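>>> Here's a sequence, model it:
(one chain, ligands or ions: 1)
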Amino acid sequence: MTDLTYVPGGTAVEAAGLGVKYRRSWALRDCSFRVPTGRVCALVGPNGAGKSTLLSVIAGLGRPESGRLEVLGGPVGHRGTRPRVAYLPQDKPLYPRFTVADTLSMGRELNPGRWDQAAAERLVRAGNLPPHARVGALSAGQRTRVALALAFGKRPDLLLLDEPMADLDPLVRHEMTAALMDEAAEHATTIVLASHVLAELDGVCDYLLLLGGGRIRLAGEVEDLVGVHRVVVGRHEGPGLPKAFEAHTVVSARMTGRQLTAVVRPEGPIAGRWETSEPTLEDLLLAHLRAPDVPPLLTPSAEPRSGRAAA
Ligand SMILES: Nc1ncnc2c1ncn2[C@@H]1O[C@H](COP(=O)(O)OP(=O)(O)OP(=O)(O)O)[C@@H](O)[C@H]1O
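Numbers count the residues shown, from 1 in each chain. This next block holds a predicted model:
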């Protein structure tokens, strides 16, 4: 029998050899990773990398073609875990004829025993949305607020957000980000947040999944992943990279005049006169997005615990 006991400090999502196909083409291929509970996890990758596909299969929509996927300790889509997962897809489906108040009432009816009306109303009130306004008459950003209120009101253990901030103005983004952080801190909610706005992830997310071409390229604690990379700057002449770099993994490098700036995963000290510093999360992500062939890196906490599954 499947053990669905919620273990604090346990595993929110674990995939081993996960593959998802649309007709004949793979959207996700051989993905193995783990997201521990209580993390705010950034899900990053270029267009078409598979971020939305991954969020939707974690939400229990669509069936993996191969591998194993566990969510909150049970097999994906299990009726015991479904109520504990909230998923906000990119197109934020809402009923346009419902009022804001109707929408929250629907949330309450669909989530008996879990619904937090006060939290949902707080979010809606902060945007000055009249309860009797029809959802179809709201702006895109206002609809996003209602959709987020529905997701938060569900009091999920796992909150899956697909580019939630895309149509919010900068002040509302800040407010929503703060609300997300409070939610995660107060209720130990695990949040997986797909986003292209790299600068906004820094300081918000403490965990990272970087996808590329349907595969995992980086996974683990932001601090650890940033900590094993260096920005290396110095003078360099001649073609190609300096010989001193050969012993290291060079993620990306660019020349400006005679100045070389590289993001490197060093295997030890780098010989020569180089200035080195820790990259920001944005530096790290940009470097990896520019270099799709760099070998993947998973920190120990991001390795699946129970081995890789066969199809
Ligand atoms: N409904 C679908 N039918 C067929 N192929 C699909 C479908 N949805 C996604 N795909 C394909 O699966 C791959 C992954 O798409 P997905 O939407 O998951 O990427 P993404 O990382 O979320 O992209 P974006 O950043 O543009 O939102 C792409 O090659 C895409 O063309």
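
>>> Helices along the stretch 201-311 of the chain, start to end?
In chain order, the stretch 201-311 of the chain shows helices spanning 222-227, 281-290, with DSSP state H, counting those that start in this stretch as the criterion.

>>> which residues of the stretch 51-200 of the chain fall in helices?
Chain-ordered helices for the stretch 51-200 of the chain, with DSSP H, counting those that start in this stretch as the definition, fall at 51-58, 100-110, 117-126, 140-153, 170-187, 198-201.

>>> pLDDT on the fifth one, on average?
In this model, helix 170-187 has an average pLDDT of 85.

>>> Then the second one?
Average pLDDT, helix 100-110: 96.

>>> just checking, what packs against the helix or strand of the chain with the lowest mean pLDDT?
Using mean pLDDT, DSSP states H and E, the weakest-scoring helix or strand in the chain turns out to be helix 198-201, at a mean of 82. Counting contacts by 3 or more CB pairs under 8 Å, 6 or more residues apart in numbering; DSSP states H and E, helix 198-201 packs against strand 40-44, helix 281-290. Every C-beta, even on glycine, is put in place using the N, C-alpha and C of the backbone.

>>> and with 6 Å instead?
Helix 198-201 sits against helix 281-290, with contacts defined as 3 or more CB pairs under 6 Å, 6 or more residues apart in numbering; DSSP states H and E.

>>> Contacts for the helix it packs on next, please.
Here helix 281-290 makes contact (CB atoms under 6 Å, 6 or more residues apart in numbering) with 44, 198-199, 202, 210, 222, 226, 229, 251-252, 263.

>>> quick one: the closest residue to residue 37 other than its chain neighbours and residue 73, what's the gap?
Closest residue in space to residue 37, ignoring its immediate chain neighbours: residue 12 at 4.6 Å, by CB to CB, 6 or more residues apart in numbering. Taking CB to CB, to the nearest Å as the measure, residue 12 falls 9 Å from residue 73.

>>> what does residue 51 give?
Residue 51 sits 23 Å away from residue 73, taking CB to CB as the criterion.

>>> Who has more neighbours out of the two?
The residue with more neighbours, out of residue 51 and residue 73, is residue 51; 25 against 21, by other CB atoms under 10 Å.

>>> contacting residues around the closest residue in space to residue 52 that isn't next to it in sequence?
What sits nearest to residue 52 in space, not counting adjacent residues and going by CB to CB, 6+ apart, is residue 162, at 5.5 Å. Each residue near residue 162 by CB under 6 Å, 6+ apart is listed here: 52, 55, 89-90, 194.
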